[in-house]
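> return atomic coordinates for the entry below.
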Amino acid sequence: MRTFTTQMEAARKGIITEELKTVACKESMSVEELRPLVAEGKVVICANKNHKCLEPEGIGSMLKTKVNVNLGVSRDCKDYRAEMEKVMEAVHMGAHAIMDLSSHGDTAPFRRKLTSECPVMVGTVPVYDSVIHYQRDLDTLTAQDFLDVVRMHAQDGVDFVTLHCGITRKTVEQIRKQNRKMNIVSRGGSLVFAWMCMTGNENPFFEYYDEILEICREYDVTVSLGDACRPGCLADASDACQIEELVRLGELTKRAWEKDVQVMVEGPGHMPIDQVAANMKIQQSVCCGAPFYVLGPLVTDIAPGYDHITAAIGGAVAAANGAAFLCYVTPAEHLALPNVEDVKQGVIASRIAAHAADIAKGVRGARLVDDRMADARRALDWETQWACALDPQTAKDIRAERKPEHEDTCSMCGKFCAVRSMNKALAGEHIDIL
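Numbers count the residues shown, from 1 in each chain. Sure thing, here's the model as predicted:
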């Protein structure tokens, strides 16, 4: 019989859950090392008790950096079958979480399909679904309507929910006076902002935060505190709106921990590369070490079509300085709903950033595969190189399309290959070049 409600409560009581055992094994840690981190809130194990097929993961700055994939239909792209194909590709490419950000149609069947079939963490943004679920204009919805949708998602098995709890009536006045270049670019944050402007009421996710925590505690849903004021361009980075909201998110983090509810904190956004590390350190201090979940950050605003690269650059710096969870960005960012190939490119770019950061911060075992790759390259052992690669099929395809004359080389260097020459020289063999 289950004697705890959330993973945090179990850890605080000294109970070793099956999920904690699994995560400890994946992270090459002992349960004795991991349990205090979960108890303190520095690691979250997003595991709704109704998500029965979940293969749990841990999220925390001292663990391997995890990658999230955003998916979901829109009014212009309504095919849920296509979204499920993207889910399968994302999981195949190594994503650790799927967020369903659907903004059209009957979302419940797709969400329930995810939590009944998808082995990775599933997240949602309930404020999107509120308008869709009730099929009413935003300003007719009540605070209770929003809370009821949070409960529905929790009952459906969602592991984490993004809630924009940190903007208040004061934020409305700030945004009006501050003349930001991009105002609010968070979709959920803009909906909450619009609702407050139209109704004159306080943010329901802030005003009724305690009631939301009770729902999350009941189902062990992790709260991902959304950054409604994240910068949407370099000019808005690290401004008063962003930092003041972060301070409020730190306060909300502590309130959640008082109820044994797990918390992640979301971060920027668009940001010059020289500000990224400082922002990570500020978050760690203000939010008491709660895992930081970042979108990018994108380090330049001028690369539409290549924003998976701008985000990977920022993501590597962010994770090396304490971010725990990277939200992937695809080549379609700012342009369109991503297709399957965009999803693949986004996942790979984020996984490269995550792995590079894990090496930099000394995550246990992170560099072992790089060392195996180096040994395989020295031995010109192509099969082992494929086994070490993040995307072996792409590597194989490139080599096959430009096949070399000699199998122990590639078509770039041929017999000029430095590895081949050094192997022969050190073995005392004749080195034939022509």
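> hey, let's count contacts and neighbours off CA atoms from now on
Fine.
> contacts only, for the residue nearest to Ser190 when sequence neighbours are not counted.
What sits nearest to Ser190 in space, not counting adjacent residues and going by Cα to Cα, 6 or more residues apart in numbering, is Ile184, at 6.0 Å. When contacts are counted by Cα atoms under 8 Å, 6 or more residues apart in numbering, Ile184 touches Ser190, Ala228, Cys229, Arg230, Pro231, Gly232.
> so which strand or helix has Cys241?
In the assignment (DSSP states H and E), Cys241 maps to helix 240-258.
> quick one: that helix to chain centroid distance?
Between the centre of helix 240-258 and the centre of its host chain there is 19 Å, according to Cα atoms, centre = their mean, to the nearest Å.
> in its sheet, what does the helix or strand following that helix sit against?
Past helix 240-258, further along toward the C-terminus, the next helix or strand under DSSP H and E is strand 263-267. Under the criterion DSSP bridges, strand 263-267 sits next to strand 222-225 (parallel), strand 292-295 (parallel) in its sheet.
> which stretches of the stretch 201-350 of the chain have low pLDDT?
Low-confidence regions of the stretch 201-350 of the chain, defined here as pLDDT under 70, do not occur.
> can you map out the helices along it?
204-207, 209-219, 240-258, 273-286, 307-320, 340-360 (DSSP state H, counting those that start in this stretch).
> kindly format the C-alpha coordinates of the shortest one as CSV.
The reference is to helix 204-207. Listed in CSV are the C-alpha atoms of helix 204-207, where the atom choice follows Å, rounded to 0.1, in the frame of the first residue of the first chain:
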residue,chain,number,x,y,z
PRO,A,204,-6.1,33.0,-10.9
PHE,A,205,-3.0,30.8,-10.9
PHE,A,206,-1.4,33.2,-8.4
GLU,A,207,-4.6,33.9,-6.4
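> and Lys26, how many residues sit next to it?
The local packing count at Lys26 equals 14, with neighbours defined by other Cα atoms under 10 Å.
> not counting sequence-adjacent ones, nearest residue to it?
The shortest distance from Lys26 to any residue other than its chain neighbours is 7.9 Å, reached at Glu57 (Cα to Cα, 6+ apart).
> what does Gly267 give?
What sits nearest to Gly267 in space, not counting adjacent residues and going by Cα to Cα, 6+ apart, is Val294, at 4.7 Å.
> just the strands in the stretch 101-250 of the chain please.
Secondary structure of the stretch 101-250 of the chain, counting by DSSP state E, counting those that start in this stretch: strands at 121-124, 160-163, 222-225.
> among those strands, which is the most enclosed?
The highest average neighbour count among those, using mean count of other Cα atoms under 10 Å, belongs to strand 121-124 at a mean of 28.
> re earlier: deepest-packed of the helices of the stretch 201-350 of the chain, please.
Greatest burial across the helices of the stretch 201-350 of the chain, using mean count of other Cα under 10 Å, falls to helix 307-320, with a mean of 28.
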